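Engineer: model the structure of this input:
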Amino acid sequence: MKKILCVLSSPSGEYSVSNKLAKAIVEKLSSSSDSEVTEFDLTKEDIPHIDGATIAAFYTPAEYLDDDKKATLATSDRVIDALLAADEIVISVPFHNFGIPSSLKAWIDHVARVGKTFYFNADGTPTGMVTGKKVFLAISSGGIYSSGPMQSFDFAEPYLRAILGFLGITDVTTFRAEGMAIPGVKEIALPNAIEQLSQISA
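Structural biologist: I've put the predicted structure just below:
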């Protein structure tokens, strides 16, 4: 059975274009195979931003973890387990000030954990431990950032590809519903993006 993890990060909920696109991707991925879908809505899951106690727990050897540190690591353990269990990951990415939402950054900060999803070699170079997975990014934006004069302001997709690659995931496909603030474009942005999903091999 194929396992699909859907990570929703938009605070707009059912009105969110990126969430709608992400769910359309999940529907496509699960349409022709036996699939199990796990959905994380980061606006409801209470994924906290990491603090000093979390960082200290991250770097504490397992044999020295006390009950307090184990409790601190519970959220990170949970989201990492879900990521490692998935074959395919779909992430909704609404543009927030040219980047990703803070909820998604918090999720990444809990997922990117030394000894769990990456490690450092003797020469200091990192190796990702999250391999053999596919990621689909469902990006929505008010402007057009995939090309043209605003492309250099896209700090969302390049960052996500970089951090996912750092963790070992290099098979990343992006679908965009962009121009949502542009009259004459916004009406067709999401339908056009969904039409592009035909290229996915379910």
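Engineer: and I182, which of the three is it?
Structural biologist: Of the three states, I182 takes coil according to DSSP: H, G, I helix; E, B strand; the rest coil.
Engineer: one more: T38?
Structural biologist: With three-state DSSP as the criterion, T38 reads strand.
Engineer: chain neighbours aside, what residue packs nearest to it?
Structural biologist: Nearest residue to T38, sequence neighbours excluded (CB to CB, 6 or more residues apart in numbering): L5, at 5.2 Å. Any C-beta I mention is one placed from the backbone N, CA and C, and that applies to glycine too.
Engineer: how about the helices in the chain?
Structural biologist: In the chain, the helices defined using DSSP state H lie at 17-29, 52-58, 67-72, 74-85, 102-111, 157-167, 186-195.
Engineer: format those as TSV; extra columns: mean pLDDT.
Structural biologist: As requested, the helices of the chain are exported to TSV (pLDDT from 0 to 100):
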stretch	mean pLDDT
helix 17-29	96
helix 52-58	94
helix 67-72	94
helix 74-85	97
helix 102-111	97
helix 157-167	98
helix 186-195	95
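Engineer: right, so of these, which gets closest to T131?
Structural biologist: helix 157-167 (8.8 Å; CB to CB).
Engineer: for the closest one, buried residues please.
Structural biologist: 157, 160-161, 163-164, 167 (16 or more other CB atoms under 10 Å).
Engineer: still on that earlier bit, deepest in the core, which of the helices of the chain is it.
Structural biologist: The highest mean neighbour count among those, using mean count of other CB atoms under 10 Å, belongs to helix 17-29: a mean of 22.
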